[in-house]
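**Q** Only the shape, not the letters, is given here:
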């Protein structure tokens, strides 16, 4: 259940452009730019404000993992896919029928084994 459809707008923006417009003020953005300057230089890129910001945004996109669970029953999922195309174009949709609790636990255990959660 999505409590606020505006939340999906933010996720859609992150998935399509890597950023949410007006999420950071100038001082926050400058801090993030400065935090990646050394990495940008080590990567052999020119250290302009724009290239540092692009590097930061790409790094965020590469590390962003979003999990959304939505019911396919009714018109809601179809409507959200139309209204928020980034959720279809920039994600993988896994559709599965009900599984036994033990099966879900077993699969999760295999995939999360060794992860520091």
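**A** Thanks, I have the structure now. These figures come from a predicted structure and were not determined experimentally. Numbering: from 1, shown residues only.

**Q** Geometric centre of this protein: which residue is closest?
**A** residue 64 (4.1 Å; C-alpha atoms, centre = their mean).

**Q** My guess is that one contacts residue 14. True?
**A** Yes: under the criterion of C-beta atoms under 8 Å, residue 64 makes contact with residue 14 at 6.5 Å. All C-beta spots, glycine's among them, are computed from the backbone N, C-alpha and C.

**Q** Mind listing residues that contact the lowest-mean-pLDDT helix or strand in the chain?
**A** None of the helices or strands of the chain scores lower by mean pLDDT, DSSP states H and E than helix 5-17, at a mean of 88. With contact meaning C-beta atoms under 8 Å, 6 or more residues apart in numbering, helix 5-17 is reached by 2, 19-21, 64, 66, 68, 80, 83-87, 89-91.

**Q** picking that back up, could you measure the residue nearest to the centre of the chain against residue 116, distance?
**A** For residue 64, the distance to residue 116 (C-beta to C-beta, to the nearest Å) stands at 18 Å.

**Q** Please apply the same query to residue 109.
**A** Counting by C-beta to C-beta, the gap from residue 109 to residue 116 is 15 Å.

**Q** How is residue 32 classified with respect to secondary structure?
**A** Under DSSP: H, G, I helix; E, B strand; the rest coil, residue 32 falls in the helix class.
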